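Asker: Fold the following for me, if possible:
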Amino acid sequence: MPKGSVSQVAAVQLKATGAPEQNLAAAETQINRAVNKGAELIVLPEHFVYYNEKDLIAVANDEQDQSGPARSFFADQASKHKIWLVAGTLPMFRGDDRNKPYATSLLYNPQGKVLARYEKIHLFDVLVQATGKRYYESDNYQPGNKAVSAVTNVGKLGMSVCYDLRFPEYYRLLVDQGAEILVVPSAFTAATGEAHWRLLLQARAVENLCYVIGANICDRDHPRKPTWGGSVIIDPWGKVLAEMDDEEGFIITEIDRERIADLRASMPVLDHRQF
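Answerer: Predicted coordinates for the structure are as follows:
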């Protein structure tokens, strides 16, 4: 566990396939590598487990309780390594509602228990002009409606997913809840990622004076679903602390929560808000 205000945080980047078991095995490899480098918090990409799954209803039923295959894996990884784990997203139902699942990001504590659950609020219903490709998440998912943050040993996390990045008002809600580290598991498209991925992450870091961890799926040359990769960790002043290109792996860096406090004291923009 971290000492004082300094912690080691990591983002895992994966090239997801249509085979859930293979995707989990790839995640395990990178988690092990990051832990061996001292990672205390690890963020995984958005919906990497069931990447090409068509029957999301069946998946959501399988993952409805903690014995589901992916949820068992995440719990085991967190408890075995004694880490905080942001487990990308899974399609999950809320209670007895079986209409459509939510794109759900789970935060596991070092005991392997779910500490927080965030349901993606902003769904990617977009026709990407650069490629002409249509993405309509609302065909398969329903949106969440609650901002979620959680206290961990590495700092207070503000939870978000991918397309949320384009809505700065959501991150203000997280900061008002006390967020110090914004986590953004994603599957950003190659076209929009090249244009805006790092730019948006840096903007959310600077305007909120938070660390930001963006963990993305990679594969810019995929014939049907090209994704940008470029996973990155950014400090509260907008400085890139660690970054990847378009390959599987992980990035890890040291963060210091005292830097957040110092910057917020010297540049009190959060106190100067008028709206």
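Asker: Quick check: what element follows the lengthiest strand in the chain along the chain?
Answerer: Longest strand of the chain, by residue count under DSSP state E: strand 97-108. The first helix or strand that comes after strand 97-108 along the chain, using DSSP states H and E, is strand 114-119.
Asker: Need the residues that contact that next one.
Answerer: Strand 114-119 has contacts (C-beta atoms under 8 Å, 6 or more residues apart in numbering) with 66, 75, 92, 94, 102-109, 143-146, 148-150, 152, 157, 159-161. Heads up, the C-betas are built off the backbone N, CA and C, glycines and all.
Asker: Name only those of those that count as buried.
Answerer: Buried subset of the contacts of strand 114-119 (neighbour count, 16 or more other C-beta atoms under 10 Å): 75, 92, 94, 102-109, 144, 148-150, 152, 157, 159-161.
Asker: Can you point out the buried residues in the helix of greatest length in the chain?
Answerer: Longest helix of the chain, by residue count under DSSP state H: helix 20-36. Buried residues in helix 20-36, counting neighbours by 16+ other C-beta under 10 Å, are found at 20, 23-24, 26-27, 30-31, 34-35.
Asker: Ok, stretch 162-180 next?
Answerer: Buried residues in stretch 162-180, defined by neighbour count with 16+ other C-beta under 10 Å: 162-165, 170-175, 179-180.
Asker: how about those in a markdown table, adding distance to residue 267 and pLDDT?
Answerer: Output for the buried residues of stretch 162-180, formatted as a markdown table (distance: C-beta to C-beta, whole Å; pLDDT from 0 to 100):
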| residue | distance to residue 267 | pLDDT |
| --- | --- | --- |
| 162 | 28 | 98 |
| 163 | 28 | 98 |
| 164 | 24 | 98 |
| 165 | 22 | 98 |
| 170 | 22 | 98 |
| 171 | 17 | 98 |
| 172 | 16 | 98 |
| 173 | 21 | 98 |
| 174 | 19 | 98 |
| 175 | 14 | 98 |
| 179 | 17 | 98 |
| 180 | 15 | 98 |
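Asker: Of those residues, just say which sits nearest to residue 231.
Answerer: Of all the buried residues of stretch 162-180, residue 231 sits closest to residue 162, with 12.5 Å by C-beta to C-beta.
Asker: if I pick the nearest residue to the closest one once chain neighbours are set aside, what's in contact with it?
Answerer: Closest residue to residue 162 apart from its sequence neighbours, by C-beta to C-beta, 6 or more residues apart in numbering: residue 186 at 4.0 Å. By C-beta under 8 Å, 6+ apart, residue 186 lies in contact with 45-46, 161-162, 165, 197, 214-217.
Asker: Can you say which two of those residues are spatially most distant?
Answerer: 165 and 217 (14.6 Å).
Asker: pretty sure residue 84 contacts residue 153?
Answerer: Yes - with contact defined as C-beta atoms under 8 Å, residue 84 and residue 153 form a contacting pair (7.0 Å).
Asker: Which one's more surrounded, the two?
Answerer: Using other C-beta atoms under 10 Å as the criterion, residue 84 and residue 153 rank with residue 84 on top: 27 against 14.
Asker: in the sheet, who's paired with that one?
Answerer: On the basis of DSSP bridges, residue 84 is bridged to residue 41.
Asker: can you offset everything so residue one is 58?
Answerer: That works, and once the first residue is 58, the last one we named lands at residue 141.
Asker: From residue 254, how far out is residue 289?
Answerer: 8 Å (C-beta to C-beta, to the nearest Å).
Asker: just for the chain, where's the confidence low?
Answerer: 58-60 (pLDDT under 70).
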